[in-house]
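A.B. asks: Below is the sequence, then the predicted model.
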Amino acid sequence: MGLTEKQCKEQNLAYEVGKWMFAANGKALAINAPDGFVKLIFSRDYGELLGAHMLGAEVTDMLAELVLAKRLEATKDEIVGTIHAHPTLSEAVMEAAGQAGAHGK
């Protein structure tokens, strides 16, 4: 949903990426579905969500949160600050948002 890293580069946008693997998610491990990830792309200037890419179990159930976040121009800090129940796969959304910019991209 939204922009890819390639599109951000082509548009010369300042962006940062956060990624969280399902192998580090308690619910994914509990349901024996550790293959997958959530990757989020945010504007470096304002922090708003530019794109989201997910692969793995039940990601279609998690997409609505990110579509709404994009529509409302939610920032990575707002996503991190939103309660994500534990254990759920959607915690990977929060964790990916928290990783954005953490590695100096």
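C.D. replies: Happy to help now that I have it.
A.B. asks: what is the most centrally placed residue in the chain paired to in the beta sheet?
C.D. replies: By C-alpha atoms, centre = their mean, the mean C-alpha position of the chain lies nearest to residue 40, the distance being 3.5 Å. Going by DSSP bridges, residue 40 is paired in beta bridges with residue 18, residue 52.
A.B. asks: surely it meets residue 48?
C.D. replies: No: applying C-beta atoms under 8 Å, one finds residue 40 not in contact with residue 48, separated by 10.9 Å. Every residue, glycine included, has its C-beta placed from N, CA and C.
A.B. asks: so what pLDDT did the residue nearest to the centre of the chain get?
C.D. replies: Per-residue pLDDT puts residue 40 at 98.
A.B. asks: Over to residue 51?
C.D. replies: 98.
A.B. asks: wait, it sits on residue 2?
C.D. replies: Yes: assessed by C-beta under 8 Å, residue 51 is found in contact with residue 2 at 3.4 Å.
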